[in-house]
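Peer 1: What follows is a protein structure lacking sequence information:
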């Protein structure tokens, strides 16, 4: 990072997830994709090893978790720390940017969890109406 | 809604997106899926007709937008209002619950858009390191 580079705040109008080709759309998908979101949420509680993470993100396959972690690491949201032990131990943790993103995502997740009674009632009403037509 | 029903706030510990079978995981996917998130974001600015929405959510097909709207309507996040005009006119708008969800989602989207310079630099570093191994 050099001091002559424009800061993110000055350039954020350049990026627009509504535009098909904008790279922010890909990052948003890494963050909100089925496994990306749950991985960020799990790591918000602290650093975890691969197998700990796999247990926490119930239902994820080894392959999918590995791909998810690579995408999040590449975007600078997750840091991968390999310890020089035998057997080698690898920890995953959020970067400062990853923490900021995870905070906003968790606020959304908690709101959705807390609204599920309303959602399930809406589904019942919808299915009754559509079924009765 | 009856007064004897427990309110969402009292029961939100019942729902957990980290659990594979929890219905909140499905709703989170409708909200954060590629097209669901952009649709909620677009409707946050006001009600839109199908074709207006399709133009705003750059890249979505007619079929995918239709499926996305059905899922969001079924979850009680989007309201579909058919006007008795000729030709019929159909407007889509957020429900109060949809607005709350969209607000949290937009906070995440704006943060990601504003962080893309950092993300793109992280990607460059990652690709250089991995390419050089």
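Peer 2: Yes, it's here. What you are looking at is a predicted structure, and each value in this text was computed from that prediction instead of being measured.

Peer 1: hang on, residue A:79 in a helix?
Peer 2: No - looking at residue A:79 with DSSP: H, G, I helix; E, B strand; the rest coil, it is strand, so not inside a helix.

Peer 1: Quick one: residues contacting it.
Peer 2: Counting by C-beta atoms under 8 Å, 6 or more residues apart in numbering or on different chains, residue A:79 makes contact with A:73, A:92, A:93, A:94, A:95, A:98. Where you see a C-beta, it was placed from the backbone N, CA and C, and this is true even at glycine.

Peer 1: Tell me the one of the residues you listed nearest chain B?
Peer 2: residue A:73 (6.7 Å; C-beta to the nearest C-beta).

Peer 1: In a strand, the closest one, correct?
Peer 2: No - counting by three-state DSSP, residue A:73 is not part of a strand but helix.

Peer 1: quick one: contacts for the most centrally placed residue in chain A?
Peer 2: Centre of chain A computed as the mean C-alpha position; nearest residue by C-alpha atoms, centre = their mean is residue A:37, 2.8 Å away. For residue A:37, the contact set (C-beta under 8 Å, 6+ apart) comprises A:31, A:105, A:109, B:28, B:32.

Peer 1: before we move on, the earlier item: could I get the contacts of residue A:79 in TSV, plus columns for distance to residue B:67?
Peer 2: Below are the contacts of residue A:79 laid out as TSV (distance: C-beta to C-beta, whole Å):
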residue	distance to residue B:67
A:73	32
A:92	34
A:93	37
A:94	33
A:95	35
A:98	31
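
Peer 1: From residue A:119, how far off is the residue nearest to the centre of chain A?
Peer 2: 17 Å (C-beta to C-beta, to the nearest Å).

Peer 1: Give the residue spans of chain A that score low on pLDDT.
Peer 2: A:1-13, A:131-133 (pLDDT under 70).

Peer 1: residue boundaries of the helices in chain A?
Peer 2: In chain A, the helices defined using DSSP state H lie at A:8-11, A:23-32, A:34-43, A:50-56, A:62-74, A:96-114, A:116-131.

Peer 1: before we move on, the earlier item: in ChimeraX, select just the buried ones from the contacts of residue A:37.
Peer 2: Only the buried entries of the contacts of residue A:37 go into this ChimeraX selection, using 16 or more other C-beta atoms under 10 Å in any protein chain shown:
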select /A:31,105,109 /B:28,32
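
Peer 1: Could you single out the nearest of the contacts of residue A:37 to residue A:127?
Peer 2: Checking the contacts of residue A:37 against residue A:127 by C-beta to C-beta gives residue B:28 as the nearest, at 19.9 Å.

Peer 1: From chain A, how far out is the closest one?
Peer 2: 5 Å (C-beta to the nearest C-beta, to the nearest Å).

Peer 1: Looks like that residue contacts residue A:110 (just checking).
Peer 2: No - using C-beta atoms under 8 Å, residue B:28 makes no contact with residue A:110, being 10.6 Å away.

Peer 1: What number of residues are in the vicinity of residue A:72?
Peer 2: For residue A:72, the count of nearby residues is 27 (other C-beta atoms under 10 Å in any protein chain shown).

Peer 1: cool, the one 10 residues further on as well?
Peer 2: One way to gauge burial is a neighbour count; for residue A:82, by other C-beta under 10 Å, it gives 9.

Peer 1: How about it: which residues does it bridge to?
Peer 2: As for beta bridges, residue A:82 partners with residue A:90 under DSSP bridges.

Peer 1: Now do the contacts for it.
Peer 2: Residue A:82 touches A:88, A:89, A:90, counting by C-beta under 8 Å, 6+ apart.
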